[in-house]
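Chemist: how does the following fold in three dimensions:
(one chain, ligands or ions: 1)
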Amino acid sequence: MFSVLSVSSVVKAVLGKKGKAMAAKKRAARKGGGKKSAAKKKGAKKVAVKKKAAKKAAPKMSAAEKTAEVEDRIRRLEWWHEAKFGMFIHWGLYALIGRHEWAMEREAIPVAEYEKLADRFTPVPNAAREWAALAKRAGMKYMVMTTKHHEGFCLFDSELTDYCAPKRACGRDLVREYVDAARGEGLRVGFYHSLMDWHHPDGATCAEDEGARRRFVDYIHGQVREICSNYGKLDILWYDVPWPLDAEGWESAKMNAMVRSILPDVIINNRSKLPEDFSTPEQHIRGEESVDGRGWEACMTMNDSWGYHGSDDDWKSPKRVVQNLVTCARDGGNYLLNIGPKADGSVPRESIDILTKVGEWMDRNGQTIYNADRCKVKSSLFADFTRKGNTLYVHAHFWPGESWSIGGLTTKVVSAKILRTGEPVKFEQDEFGTRFSGLPAEPPDDPVSVIALECASEPTQESGDFIRKGMPRGKA
Ligand code: GLC
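Modeler: Now for the predicted structure:
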């Protein structure tokens, strides 16, 4: 990882790569689509003129400034790369409905009716302590909680709206409770803040009406300032859903510069329509190369809903969670796994059970995950891999029994052992593969068993999209 390379060599390497995918995405987003009414077109034109002016005004960065920006990003992300595993928490009025955090929109619940939930949202004090203890037990190193989801209800104390927990039935600042709980367990603290807002009167019209945009952007910038100013050191700012504006419309560069002026060490995700520090693949894992020192983090639900959804029983197994974490660590990413607490603040039984099991596994195997380096070995039908330096960790999620092989390892294996027991493993290696024998018939660990291979150099593997390069099979 970065500690073994000098910062400047990393900077040089990452500066060489162009953010092509990002540029293509931006171009597609700019193109927009669909037919617009004449009135809408007029409004859109007004906003577009403003955008053009903003673009012209944006100063170009010198090479030295760019290098300094990348170096600073690498420094700020260092703890996060080591941490690898975090807890996402979706909590809001929707927990009272108990049918997913999008219930307001998908069930077309009118604002006036939905708002009444705020008179019934009275969670037990300091429920967040249970979440923080659970995160710690699961081996997670940071937490990210919704300060405001799309529904618009704020869990923090805001001077900009009365639609917030301290001013309604709850009567307490739930973000304060969360921050204290996370810090109490020694965990890093993140805030999720939805830019999209179904409650604010300008939230839907701001793309066509410049007055609405001005009011709404001021409101959101003001809230972002509040959450960044009132809770001490914040480690992560996690924006969500920038609909219906683009980066110019949101004035994202200005907003994020304001954030950094308050919190110089904070890391910011890519959902204000600027790439910032890390990207956020959702509900899937796709390893990304690092462009300009950026990281990536896959966020995922434990069932199929982010907010509490009482009848959603599509739970991931602890094995699936461990496998996902391994895949993220293998490809240099992080895994942000969600809980959706009930309205009283308690965590669904199933989530507790899954995270407890994962935590027990992390107690025994955490060394294979935390601070892992990117790993080039990827191919097996029953195992996945992580790496630290020259040590390759073979994570068998389906244990094949007493003897099996990993094909195409091109690095010399020096020694092998079962991680859980320390028991040495017999192996033979040739140009085709590395064959293990004399292994226990039953998996030595649960839900995933690890064999640690000490290699003579960085572990690499000959593989191809369909068949191994050169198809080495030996003679019949
Ligand atoms: C989506 C959803 C949202 C959830 C988020 C988490 O954008 O709109 O409900 O908070 O993903 O990444």
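Chemist: now stretch 322-335: average pLDDT?
Modeler: For stretch 322-335, mean pLDDT rounds to 98.
Chemist: close to the ligand: what parts of the protein are there?
Modeler: Within the chain, the residues that sit near the ligand (C-beta under 6 Å from any ligand atom) are 90, 101-102, 240-241, 282, 299, 306. Placement of C-beta: from N, CA and C, glycine included.
Chemist: rerun at 5 Å
Modeler: 101, 282, 299, 306 (C-beta under 5 Å from any ligand atom).
Chemist: so which of these belong to strands?
Modeler: C299 (DSSP state E).
Chemist: and the residues of the chain next to the ligand, which is closest to G389?
Modeler: C299 (28.5 Å; C-beta to C-beta).
Chemist: quick one: the strands in the stretch 151-300 of the chain?
Modeler: All strands of the stretch 151-300 of the chain, identified by DSSP state E, counting those that start in this stretch, fall at 188-194, 236-240, 267-268, 278-279, 295-300.
Chemist: mind listing the strands for the stretch 1-150 of the chain?
Modeler: With DSSP E, counting those that start in this stretch as the criterion, the stretch 1-150 of the chain has strands at 85-89, 142-148.
Chemist: now the angle between strand 236-240 and the first one, please.
Modeler: Note on geometry: by axes from the mean of the first three to the mean of the last three C-alpha atoms, to 10 degrees, strand 85-89 and strand 236-240 are set 50 degrees apart in direction.
Chemist: where does pLDDT dip in the stretch 1-150 of the chain?
Modeler: Across the stretch 1-150 of the chain, the ranges flagged by pLDDT under 70 are 1-59.
Chemist: which residue, other than its chain neighbours, is closest to whichever residue of it sits closest to the ligand?
Modeler: Ranked by C-beta to the nearest ligand atom, the top residue of the stretch 1-150 of the chain for proximity to the ligand is E101, at 4.9 Å. Once flanking residues are discounted, E101 sits nearest to G307: 3.0 Å by C-beta to C-beta, 6 or more residues apart in numbering.
Chemist: L93 is in contact with the one you found, correct?
Modeler: No. Between G307 and L93 there is no contact under C-beta atoms under 8 Å: 9.4 Å.
Chemist: measure I268 to N256 for me?
Modeler: Noted for I268: a distance of 6 Å to N256, by C-beta to C-beta, to the nearest Å.
Chemist: what's the overlap in contacts for the two?
Modeler: E276 (C-beta atoms under 8 Å, 6 or more residues apart in numbering).
Chemist: now do the contacts for F153.
Modeler: Listed by C-beta under 8 Å, 6+ apart, the contact partners of F153 are 92-93, 117-118, 121, 163-165, 199.
Chemist: now the helices for this structure?
Modeler: Using DSSP state H, the helices found in the chain span residues 7-16, 20-31, 38-57, 63-83, 94-97, 103-106, 111-115, 128-137, 174-184, 210-229, 247-250, 252-262, 318-330, 349-365.
Chemist: much appreciated, bye for now.
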